[in-house]
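Asker: any chance you can model this:
(chains A and B)
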Amino acid sequence: MGQGNWRIRKITDRFAKIAFLCATLFGIAFLGVLLYRIVADGAGWLNWDFFTNFSSRFPAKAGVAAALVGSIWIVLLTGPIAFFLGVGTALYLEEYTKKSWFTRLIQVNIHNLAGVPSIVYGILGLAVFVQGLMLGQAVLAGVFTMSLLVLPIIVVSSQEAIRSVPQHMRNASYALGASKWQTISRVVIPTALPNILTGVILALSRAIGETAPLVVVGALTFVAFVPASPMDPFTVLPIQIFNWTSRPQDDFRAIAAAGIIVLLVVLLTMNLLAVYLRNKYQKRY
Amino acid sequence: MSIIQMKNVDLYYDKHHALKNITGEINERSITALIGPSGCGKSTFLRTLNRMNDMIQGVHIEGEILVAEQNIYHADVNVENLRKNIGMVFQQPNPFPKSIYDNVAFGRRIHGMRDRKELDEVVEQSLKAAALWEEVKDILKKPAYGLSGGQQQRLCIARALAVNPQILLMDEPTSALDPISTAKIEELIGELRKQYTIVIVTHNMQQAARISDDTAFFLQGEIIEFDTTEKIFHTPSDQRTEDYIAGRFG
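Answerer: Take a look at the predicted model:
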């Protein structure tokens, strides 16, 4: 090959590298600006009172107590419900059923459900949980709605985790005389668990950021108490933030920024936990 | 004395007739090698002996396999107990992502052993029987994946021995290993022969000749010839056996 050709290839290589670097920087730059603006606006409002106060029409007295506790309620209750339903479904589909038109139908629909807009789950939750089961506009109605919302994501990610457990490991267990349940509970689940948990945590961090379905289910925007039981009315961080941004006073925009910081910290903590789990139990087989 | 008898065994994967009229006997406390070209049915046959084929969709088996006078395909047979009695070692070393100790103890635990002292005893005995104890006695709590391929395979043998089987099935146990590890495993198999009945699938004809007492030659789902290894390798009765042994095909 000639010298010219070699030069062109070198230049193309360098050009490609720079182009992709720009694409990456573009996203990072905007994220940086966004973070900077939020922190610059909101950091001044972050103090202990902000965490203990309820929302108020006086900016100086406004806080995230109700919304933060509401969000924590939602995540803590949605987590176990969605975990058991989702992992159970995934185990059933991966370990118990034989491939048939019926399982394919379920599979396709789970993937479809993962793509349904969240507002639709809100409407479903309103009809089934708030009115049908007469839970009212309570934490529990929100929890059930959120569980349904994240269920398809958890099922799909758990299925992938379970599928990535090599068949030869199941065979080793069966060949020692283990029953199906022993194989699943002692080999498949422990091996797949880190990946399952990663999926569950990421699904929950989606749940914590969701607003639309909870608005429909009836999470209130002005809550001056901490929900003490799952049957109490509630609000969550994103709704509270949205509410603040629509207030006329300028100060509330800064308060909204402070609320966003709180939400981001919660989210990033959960994502870090997921990354930690994934790294700690990296595939070793 | 024969411990396994096959009587007219046929196996189908859906429509595909994978094993044809397999008949023969496997002697107790001996090493039986199954040889033949790829796809001849030797591994499939091995898996009929502990019913591992049951788990493959579309498999259908006819005929009888008697282990200690009992038809293992009879409706009353408890498959879990059968597999406890007939251990298996696979082609790829496949330890669980657990510690060395937990790997060996796995089988006993699922069969109900809880006592720590008893388990310690079983783990030590099994690792000694698999000639691995000296290498791992100080690192029992370490993950099994830290071991070399050959050590992992001996760990898998220890794991199989821990549930006290009578029969040990081995599906090309050395094909993923280097020559030195292979030699160790072969030596170990020779040792185990004193206590266990071993059925081994191998691609390596020298291996079959070196370690086995009897050899069955499979071709396209049939047993062409099944006799003492001596006879198969020196004076085979069938032309096809002779051609295969001589390396003319396969």
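
Asker: secondary structure element holding the residue nearest the centre of chain B?
Answerer: Within chain B, the residue whose C-alpha comes closest to the C-alpha centroid is residue B:169; the distance, by CA atoms, centre = their mean, is 1.5 Å. Here residue B:169, judged by DSSP states H and E, is contained in strand B:167-171.

Asker: that strand: partners in the sheet, and parallel or antiparallel?
Answerer: Looking at strand B:167-171 with DSSP bridges, its paired strands and their directions are strand B:86-89 (parallel), strand B:197-201 (parallel).

Asker: identify each buried residue in the very next helix or strand once past it, please.
Answerer: Along the chain past strand B:167-171, the next helix or strand (assigned with DSSP H and E) turns out to be helix B:179-192. The neighbour-count criterion (16 or more other CB atoms under 10 Å in any protein chain shown) identifies B:181, B:182, B:184, B:185, B:186, B:188, B:189, B:192 as the buried residues of helix B:179-192. Every C-beta, even on glycine, is put in place using the N, C-alpha and C of the backbone.

Asker: so can I have CSV of these showing pLDDT and distance to residue B:1?
Answerer: CSV is the format used below for these (pLDDT from 0 to 100; distance: CB to CB, whole Å):
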residue, pLDDT, distance to residue B:1
B:181, 91, 33
B:182, 93, 30
B:184, 91, 29
B:185, 92, 26
B:186, 94, 25
B:188, 93, 24
B:189, 94, 20
B:192, 93, 18
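
Asker: reformat those as JSON lines; add distance to chain A.
Answerer: Written out in JSON lines, the entries for the buried residues of helix B:179-192 read as follows (distance: CB to the nearest CB, whole Å):
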{"residue": "B:181", "distance to chain A": "18"}
{"residue": "B:182", "distance to chain A": "20"}
{"residue": "B:184", "distance to chain A": "21"}
{"residue": "B:185", "distance to chain A": "17"}
{"residue": "B:186", "distance to chain A": "21"}
{"residue": "B:188", "distance to chain A": "18"}
{"residue": "B:189", "distance to chain A": "17"}
{"residue": "B:192", "distance to chain A": "16"}
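
Asker: between the residues you listed, which is nearest residue B:162?
Answerer: Nearest to residue B:162 among the buried residues of helix B:179-192: residue B:192, at 13.3 Å, using CB to CB.

Asker: check contacts around that closest one.
Answerer: When the contact criterion is CB atoms under 8 Å, 6 or more residues apart in numbering or on different chains, the partners of residue B:192 are B:129, B:157, B:161, B:168, B:198.

Asker: cutoff 10 Å now
Answerer: Counting by CB atoms under 10 Å, 6 or more residues apart in numbering or on different chains, residue B:192 makes contact with B:29, B:31, B:129, B:130, B:131, B:157, B:161, B:168, B:170, B:198.

Asker: in a strand, residue B:163, correct?
Answerer: No - assessed with DSSP: H, G, I helix; E, B strand; the rest coil, residue B:163 is coil; it does not lie in a strand.

Asker: how near is it to chain A?
Answerer: In this structure, residue B:163 and chain A are separated by 6 Å, where distance is defined by CB to the nearest CB, to the nearest Å.

Asker: from memory residue A:52 sits against residue A:62, does it?
Answerer: No - counting by CB atoms under 10 Å, residue A:52 does not reach residue A:62; the two are 11.5 Å apart.

Asker: neighbour-wise, which of those two wins?
Answerer: The neighbour comparison of residue A:52 against residue A:62 (other CB atoms under 10 Å in any protein chain shown) goes to residue A:62, with 24 against 12.

Asker: how about the contacts made by the residue nearest to the more buried one when sequence neighbours are not counted?
Answerer: Ranked by CB to CB, 6 or more residues apart in numbering or on different chains and with sequence neighbours excluded, the top spatial neighbour of residue A:62 is residue A:56, at 4.7 Å. Contacts were defined as CB under 10 Å, 6+ apart; by that measure residue A:56 touches A:62, A:63, A:222, A:224, A:255.

Asker: thanks a lot, catch you later.
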